[in-house]
Each structure stands twice: as C-alpha cells, then as structure tokens.
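J.: need a 3D model of the following:
(4 chains)
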There are 2 protein chains.
Amino acid sequence: MIEHHSLRVLQESPFARRLWSFVQLKEEDLAVLSDLYRRRRAFPVGGEIIHQGQIDPSAFVLISGWVASYRVLADGKRQIMDLHLPGDLIGLRSALLRTSDCTVEPITPIKACELLRSDTLFDFTRTPRLATALLLDALQDQALINEHLVDLGRRSAGVRMAHFLLELGSRLRRVGMATCAGYDCPLSQYHLADALGLTAVHVNRVLRELREAGLLTFQRSRVTYGNYDALVQYAGFETGYLDQERPLVA
Amino acid sequence: MIEHHSLRVLQESPFARRLWSFVQLKEEDLAVLSDLYRRRRAFPVGGEIIHQGQIDPSAFVLISGWVASYRVLADGKRQIMDLHLPGDLIGLRSALLRTSDCTVEPITPIKACELLRSDTLFDFTRTPRLATALLLDALQDQALINEHLVDLGRRSAGVRMAHFLLELGSRLRRVGMATCAGYDCPLSQYHLADALGLTAVHVNRVLRELREAGLLTFQRSRVTYGNYDALVQYAGFETGYLDQERPLVA
DNA sequence: CGTAGCTTTGATGTAGGTCAAGAAATGTGG
DNA sequence: CCACATTTCTTGACCTACATCAAAGCTACG
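T.: Residues are numbered from 1 along each chain as shown, chains lettered A, B, ... in the order given. Sure, this is the predicted structure:
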C-alpha cells in the first residue's frame, strides 16, 4: 500500500524525482513528500508569493506555471535573480533563514504547494536523507546562479541572451515543457531585461540581431531555435552544470 | 574530556562557530569537526586548489589567508564568483556534485584543512545536525552571491565598488580581521575588476572618485573608510543578509 | 472598441571599455 | 643595501556597447 503511494509521488512530482536523483530516498521519505501535495494553492498573476523583507515566509514547491524572484532597489531598478519552473523548490533560503531578500511573484497563473515550518520535511534530524537531498538541490541552484553571475559580469548582451534562453530551454526540457525545436515562453522583454541587466529597448534589438543571424526567434511568446548548434557555439553554452549524473552521498 | 575537546574547537575555529550559530551542535558533532583540523595543508600563491572542470575535487575549510574562486571564459575573460575568508567552507558544491565549475586559487599564502569524501562530516545520515548546518551555510552563501548578482546587474560601477568593499569589511569583521576604521586587503585592482565585471583601468578611476568624495580610501593594500555612514548610504548597503540571528531548525 | 501594456524603431547620450605609456610599488638576486 | 625586473597603479585620449528619450504600431483583454 505504502509502496504504491510512493511510486505515485515519483511519477507525478518532478520535485520528488529531482530529490530522488540526488539521494536514494526510502518509503518514509516519499511519504513525507507525498504529504506535502495535499496543501496546494493557486496564485494569480499580479500578486506576490513572498515579499522582499518578509519575516518567516513559507517555501513552495512549484507545480505549474512560471515564477520570478527578484530584488527591487531603492531607485526602482529591478534585478530578477532567478526564474522558477515546475518542480522547482522556491524560497528555501528565505524560509530557513527566516527572512526574504527578494520578492517572488508569478509570471503566469501558478499552482504550488506551500511548505510550512512544521512540515516533517524540515525536521531534518528525523529525515536526514531529505535534508541531504535538499542540500544538493540548493547546491545545484548555486550552480545556476553562478552561471547567471558570469552572464552579467562578463558576457556581451547578445551572448548573454543566447546563453540565458538556451539554459531556460534545457531546464524546461527536463520537465517536458520544451522540445529540441523550442518552447513557449511567457516572459516579456521587460522580464528578459530585468533578468539580464539590460534595458527592454536593448533586449529588443538583441533579439532582432539573433533572429537576423538565424540563431533564434523569440516571437509571440515562443522561442524557436534557428540553428541550435551555432547557437550553442555562439553562447559558449555547456550543459554540465544543469545535469546531475552521479550524486555523491548515499 | 570530550567536552574540553569540543570547547576548544569552538574557540579556535570560526567555521565551527558559524555552524554552531545555525544549529545547536552536540559533542559528537564538534568531535567530527575537531577531527577535520588534523589534516591541514598550506598552499602558496600562484597555484590552484581546485581546477575548473576537475572531477571529484575536495572541499576545504579555510584557516588563514584569502582565496578567490573564479570562472575563465573561452575568450580569456575572468569572473570572480566569490572571495573566501578564514572560516569559510570552500568547494562544497564541487565536492558533493563531483565536478567543479570554477577554479579556486589563493590570493595570499593560505592554510586550509582538506575535507575528504570519506570524512564523517559527509556521512549525513549519521550527522544530521551537521548536514543541516551545512545546508544553512550553503543557503547563506546563496544570499551573498545574490547580492553580488544585483551588483553586477543593476548597480553603477561606483556603487558596486562601495557595496562590495563594505560587504568585505563586514565579513572580515566577523572573523576579527577588520575594525570600524578599515581593513587590510590583498586584492589588486585586477582582482576587483574581475570580481565586479569591470576593467582594471576603470576600477582605478572609480577608486579615485570614491577617495576624492571622501568616502573610502584603498591604497597600499589597505581599505580605510572616510565617512562610513555616507558610504553605507551611497552604496545602499544593508547588512541583513550577512548576519544570521535566529536560525530556524533545531 | 478603447485603453493599457507590449514591441519596434530612430536619434542621441554616456558609462565604461580600449589603447598606450609613464610612475610607483614590490620583489629578487647579488 | 642596492640594481634590476616585474607587477601594479595611474592618467590621458579616444571609442563602443548599451542606456535614454521619444514616438508609433501592435495585442489583447475587459
């Protein structure tokens, strides 16, 4: 009975699958994960899930839709730190460190399950395997942010854009939301600008250049690769940091 | 006996103290930490501790000296992801994910203790409190990198520099290497440039401007605050993300 | 079917990059 | 303690990638 239960979580939850890929979870761990899914919530576009500065925010596992977490500066400028896709764990840092350094907001209508501090998941001494898996998940998140850092620090606008869209494509493919031809992308050019440290105007020009170079088209909320190999080459894109083949800990 | 042992670790190791601040560690945890310090190594400037792309690198706890971890791009450009100061855990991601996405290199001669995969510290099911502490440490690291991301994406060169040097000062003060007057800083202007996504030439100009504005002096490997309050104001510097007051998990 | 948010484009401005060259520091061997 | 080499710093002249400002055409949705 319990075993059947567990299998279903792995089938239905990309989040559980990801943790599983890090650590060989046991029945009881899967049961804990499975429990989480009973507290689902829906959020519309325009609201906020977590607010910058909020004390003791919840964490969430994103079930469907796209989410952005961003920081707003004193002068009104905005920097998108990260985009979250289905299966992603959102706000673990804010939840455990008990205050949020950024705002988290749906880009599309979303469904997510809320993780409360009282959840067994966070009772780490009782769920050491889950704690380990969360650690590894957080570390892989770091790899993503690191890549973003390199984007902002040392890549030109064109390369930055190409790299960013390729990375998004890879992440989406992992959860079955993209094919090798392209993917649907609800981001506005303002979103891209705020993620890439550019201006919306410049984003537009860069996208045109990529299109005219036959590398990639972003129109009508759809990203279509022109010449994938050339694009990868142009962007200097390496997938290594996205795939985790051989987790270390047992 | 063991208790005496444990207390010594807390006294002598800023790393142990940090983990302790996250999670109420027990005797056995401290013993594990204490054990680590038996395998110390020294590294000179000019070598590499971990190499970009390396498989199965070790992690390290930095005992003394400064370390930079950076990424080198195909065109030779360099982006420093993070600086590591005494007490910092280095390369946890690389070690657990089993491949390094960046090079780690001493800026000054350093001493560090190497953490091997076989160390009890990494046997997370046996040391759940340490696993939790490591998770929290990793999450706080994320906060730092996030701040760096905002620097690169949305702050002007001047503000970026001010913010970065203030942050360094705070981190150094935590381990007793800075006062409210300033601190010794072995970074060259090339280092600053590669950390901040700028050119060494421009770094020089920015430093001059900060000096002429009476905000801060960086000369002869020494950072001296001019007007600390004005500097904090100019940089929009908030210390929140650095201090962890009330850890969540028991 | 109007209005608010996106996208596109042009003209112009500027922060920061590039190139170059001399001055300080710093280190090294004698 | 000094000559010499090497790295680092500093400054000037000039350039370019991206920002800013402005305005017109889309899209979509109430």
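J.: C-alpha only now, for contacts and for neighbours.
T.: Will do.
J.: other SSEs contacting the helix or strand bottoming out on mean pLDDT in chain A?
T.: When the helices and strands of chain A are compared on mean pLDDT, DSSP states H and E, helix A:2-12 comes out lowest with a mean of 77. With contacts defined as 3 or more Cα pairs under 8 Å, 6 or more residues apart in numbering or on different chains; DSSP states H and E, the secondary structure elements packing on helix A:2-12 are helix A:14-22, helix A:27-36.
J.: out of the ones you listed, which is closest to DNA strand D?
T.: helix A:14-22 (27.9 Å; Cα to the nearest atom of the strand).
J.: can you list the buried residues in the closest one?
T.: Taking 16 or more other Cα atoms under 10 Å in any protein chain shown as the neighbour-count basis, helix A:14-22 is seen to contain the buried residues A:14-22.
J.: residue closest to the middle of chain A?
T.: When chain A is reduced to its mean C-alpha position, the nearest residue by Cα atoms, centre = their mean turns out to be residue A:84, at 2.9 Å.
J.: returning to what we had before: which among the helices and strands packed on helix A:2-12 is found nearest to residue A:5?
T.: Comparing the helices and strands packed on helix A:2-12 against residue A:5 with Cα to Cα, the closest turns out to be helix A:27-36 (7.3 Å).
J.: who touches the closest one?
T.: By Cα atoms under 8 Å, 6 or more residues apart in numbering or on different chains, the residues outside helix A:27-36 that reach it are A:2-3, A:5-6, A:9-10, A:16, A:113-115, A:119-121, A:127, A:129-130.
J.: export it to CSV, keeping only CA atoms.
T.: Extracted C-alpha coordinates of helix A:27-36, given in CSV (Å, rounded to 0.1, in the frame of the first residue of the first chain):
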residue,chain,number,x,y,z
GLU,A,27,9.5,4.9,1.5
GLU,A,28,9.1,7.1,4.5
ASP,A,29,10.8,10.0,2.7
LEU,A,30,8.5,9.7,-0.2
ALA,A,31,5.6,9.6,2.2
VAL,A,32,6.7,12.9,3.6
LEU,A,33,6.9,14.4,0.2
SER,A,34,3.6,12.9,-0.8
ASP,A,35,2.0,14.6,2.2
LEU,A,36,3.1,18.0,1.1
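J.: can you pull out the low-pLDDT segments for chain A?
T.: Low-confidence segments of chain A, defined by pLDDT under 70, are located at A:1-4, A:242, A:244-250.
J.: what does it put close to DNA strand C?
T.: Taking Cα under 7 Å from any atom of the strand as the criterion, the neighbours of DNA strand C within chain A are A:187-190, A:200-202, A:204-205, A:207-208, A:219-221.
J.: who wins for most neighbours among those?
T.: Of the residues of chain A next to DNA strand C, residue A:207 is surrounded by the most neighbours, 21 neighbours in total, counting by other Cα atoms under 10 Å in any protein chain shown.
J.: pull up the gap between it and residue A:192, please.
T.: If you measure residue A:207 against residue A:192 using Cα to Cα, to the nearest Å, the figure is 10 Å.
J.: what about residue A:175, how many neighbours?
T.: With neighbours defined by other Cα under 10 Å, the count for residue A:175 comes to 14.
J.: show me the contacts for it.
T.: Taking Cα under 8 Å, 6+ apart as the definition, contacts of residue A:175 comprise A:14, A:86-87.
J.: now swap in residue A:148 and tell me
T.: For residue A:148, the contacting residues are A:164, B:149, by Cα under 8 Å, 6+ apart.
J.: secondary structure element for residue A:206?
T.: Using DSSP states H and E, residue A:206 sits within helix A:200-212.
J.: mind exporting that helix as CSV, just the C-alpha atoms?
T.: The C-alpha coordinates for helix A:200-212 follow below in CSV (Å, rounded to 0.1, in the frame of the first residue of the first chain):
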residue,chain,number,x,y,z
ALA,A,200,13.9,46.4,-22.6
VAL,A,201,14.8,48.5,-25.6
HIS,A,202,18.2,46.9,-25.9
VAL,A,203,16.7,43.4,-25.4
ASN,A,204,14.5,44.1,-28.4
ARG,A,205,17.5,45.0,-30.5
VAL,A,206,19.5,42.0,-29.4
LEU,A,207,16.6,39.7,-30.2
ARG,A,208,16.4,41.1,-33.6
GLU,A,209,20.1,40.5,-34.2
LEU,A,210,19.8,36.9,-33.0
ARG,A,211,16.8,36.5,-35.4
GLU,A,212,18.6,38.1,-38.3
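J.: hmm, stretch A:97-104 in reach of chain B?
T.: Yes - when contact is scored as Cα under 8 Å from any Cα of the partner chain, part of stretch A:97-104 falls within range of chain B: A:97-98, A:101.
J.: quick one: buried ones out of these?
T.: When those are checked for burial by 16+ other Cα under 10 Å, the buried set is A:97-98, A:101.
J.: next step: the residues you listed restricted to helices.
T.: Among those, the residues falling in helices (DSSP state H) are residue A:97.
J.: quick one: which of the buried ones among the residues of stretch A:97-104 next to chain B is nearest to residue A:71?
T.: Minimum distance to residue A:71 across these is 7.3 Å, recorded for residue A:101 (Cα to Cα).
J.: and the gap between that closest one and DNA strand C?
T.: Using Cα to the nearest atom of the strand, to the nearest Å, one obtains 23 Å as the distance from residue A:101 to DNA strand C.
J.: could you find the closest non-adjacent residue to that residue?
T.: Once its chain neighbours are removed from consideration, residue A:101 has its nearest residue in residue A:52; the separation is 5.3 Å (Cα to Cα, 6 or more residues apart in numbering or on different chains).
J.: give me every residue that touches that neighbour.
T.: A:71, A:100-104.
J.: show me where chain A has its strands.
T.: Using DSSP state E, the strands of chain A run over residues A:40-43, A:59-64, A:67-72, A:78-84, A:89-90, A:103-106, A:110-115, A:182-184, A:216-219, A:222-225.
J.: other SSEs contacting the first one?
T.: Counting contacts by 3+ Cα pairs under 8 Å, 6+ apart, strand A:40-43 packs against strand A:110-115.
J.: strand partners (parallel or antiparallel) of the strand it packs on?
T.: If you go by DSSP bridges, strand A:110-115 pairs up with strand A:40-43 (antiparallel), strand A:59-64 (antiparallel).
J.: any idea which of these is most buried?
T.: Each of those was given a mean neighbour count from mean count of other Cα atoms under 10 Å in any protein chain shown, and the largest, a mean of 23, is that of strand A:59-64.
J.: contacts for that one?
T.: When contacts are taken as Cα under 8 Å, 6+ apart, the neighbours of strand A:59-64 outside the stretch itself are A:13, A:15, A:84-92, A:94-95, A:110-116.
J.: next, the angle helix A:2-12 makes with it.
T.: If you take axes from the mean of the first three to the mean of the last three Cα atoms, to 10 degrees, strand A:59-64 sits at 70 degrees to helix A:2-12.
J.: contacting residues around residue A:227?
T.: Residues touching residue A:227, when contacts are defined by Cα under 8 Å, 6+ apart, comprise A:214-216.
J.: same thing but 7 Å
T.: When contacts are counted by Cα atoms under 7 Å, 6 or more residues apart in numbering or on different chains, residue A:227 is found next to A:214-215.
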